[in-house]
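Engineer: mind folding the following:
(one chain, ligands or ions: 1)
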Amino acid sequence: MNAMPDERPRLDAEEAATLAGLAARVRELTEAAVLTGVDAAEAAAVADEVAALTARLGAERREFPPFAASPDGVRMDRQLANPVTGPLNPLAPPIELEVTSDGIVRGEFTLGPVYEGPPSYVHGGVSAMVLDQVLGMAAAATGTPGMTATLELRYRRPTPLGVPLLAEAKASRVEGRKVFASGTIAAPDGRVTVEATALFVMPQRFVTSQY
Ligand SMILES: CCCCC/C=C\C/C=C\C/C=C\C/C=C\CCCC(=O)SCCNC(=O)CCNC(=O)[C@H](O)C(C)(C)COP(=O)(O)OP(=O)(O)OC[C@H]1O[C@@H](n2cnc3c(N)ncnc32)[C@H](O)[C@@H]1OP(=O)(O)O
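Structural biologist: Alright, predicted model coming up:
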């Protein structure tokens, strides 16, 4: 695993934009598949067409998703297929996260019906995935990126689908390879729906590698 990142293909901005467009269309397809009201014969016909498109894309296949090239073309810059933020991943909402100069990670996002858990609310596992990413980025912003060792969630109230949500996180302390972080998801009225605290640990084996 420690050698993996540098073996990945890197895409330049133009290639990445084209594949992000493909992922956006597949996201629309996913929502259409979940919400469609067409009859069974039409759904079966569409399934055949989708299978043909999948075969076209699969004609050439990479072993792992690509990374974005950093300006120097060497270091890994961004995981383009991350399931939370990755523009190339149709499973990702995707959420754009900014890191402020004081280390706060923040992103506004809306989750549609494909992320439903309880009727009309966001699935709790999806909220957990979002917060794992946001807190993980806050940990990485300290200069010590790490793997999630613990992630504790408090679901204060249901998180609504289809409205703008705000995720925020910040690291609270760094102890050697360990970084503690906390964060929240808030509804449009500003009320917090989910709180999270986490510990990220930079694996001993990565201490000298360049991420
Ligand atoms: C350099 C890069 C490192 C890789 C980081 C990966 C991604 C970072 C890249 C970019 C960052 C940007 C954004 C981040 C975005 C998203 C975050 C999502 C991340 C994930 O989705 S990640 C998947 C789920 N995650 C796992 O799959 C972890 C499986 N696990 C392990 O890989 C090991 O288990 C590990 C590495 C956790 C520790 O292993 P290790 O051998 O390096 O460290 P060791 O055991 O020596 O512990 C050292 C000190 O941490 C304490 N400690 C350890 N584990 C603890 C625990 N669970 N609870 C409480 N304390 C714990 C010890 O008690 C000791 O503390 P003390 O020093 O005080 O005694």
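Engineer: what strand or helix carries the closest residue to the ligand within the chain?
Structural biologist: With C-beta to the nearest ligand atom, the shortest gap between the chain and the ligand falls at residue 136, namely 2.4 Å. No exception for glycine: its C-beta is placed from N, CA and C like everyone else's. Using DSSP states H and E, residue 136 sits within helix 124-140.
Engineer: next, the buried residues of that helix.
Structural biologist: The neighbour-count check on helix 124-140 (16 or more other C-beta atoms under 10 Å) flags 126-140 as buried.
Engineer: in stretch 154-169, which residues are buried?
Structural biologist: Buried residues in stretch 154-169 (16+ other C-beta under 10 Å): 158-161, 165, 167-169.
Engineer: do any residues in it lie close to the ligand?
Structural biologist: No: shown here: stretch 154-169 not in contact with the ligand (C-beta under 6 Å from any ligand atom), separated by at least 10.3 Å.
Engineer: mind saving the C-alpha coords of that stretch as CSV?
Structural biologist: Taking C-alpha atoms only, stretch 154-169 is exported to CSV below (Å, rounded to 0.1, in the frame of the first residue of the first chain):
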residue,chain,number,x,y,z
ARG,A,154,-23.9,11.9,17.6
TYR,A,155,-27.0,12.2,15.5
ARG,A,156,-28.8,15.1,17.1
ARG,A,157,-31.7,15.4,14.7
PRO,A,158,-32.6,14.1,11.2
THR,A,159,-30.6,15.5,8.3
PRO,A,160,-32.9,16.6,5.5
LEU,A,161,-32.5,15.6,1.9
GLY,A,162,-32.7,18.1,-1.0
VAL,A,163,-31.6,21.2,0.9
PRO,A,164,-28.2,22.9,1.3
LEU,A,165,-26.2,21.4,4.2
LEU,A,166,-23.0,22.7,5.6
ALA,A,167,-20.2,20.5,6.8
GLU,A,168,-17.3,21.9,8.8
ALA,A,169,-14.4,20.5,10.7
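Engineer: pLDDT of that stretch, averaged?
Structural biologist: The average pLDDT for stretch 154-169 rounds to 98.
Engineer: show me how far it is from its chain's centre.
Structural biologist: 15 Å (C-alpha atoms, centre = their mean, to the nearest Å).
Engineer: kindly report the same for stretch 87-107.
Structural biologist: Centre-to-centre, stretch 87-107 and its host chain are 8 Å apart (C-alpha atoms, centre = their mean).
Engineer: re earlier: farthest pair in the buried residues of stretch 154-169?
Structural biologist: Spatial extent of those (C-beta to C-beta) is set by the pair 161 and 169 at 21.6 Å.
Engineer: least confident secondary structure element in the protein?
Structural biologist: helix 4-7 (a mean of 56; mean pLDDT, DSSP states H and E).
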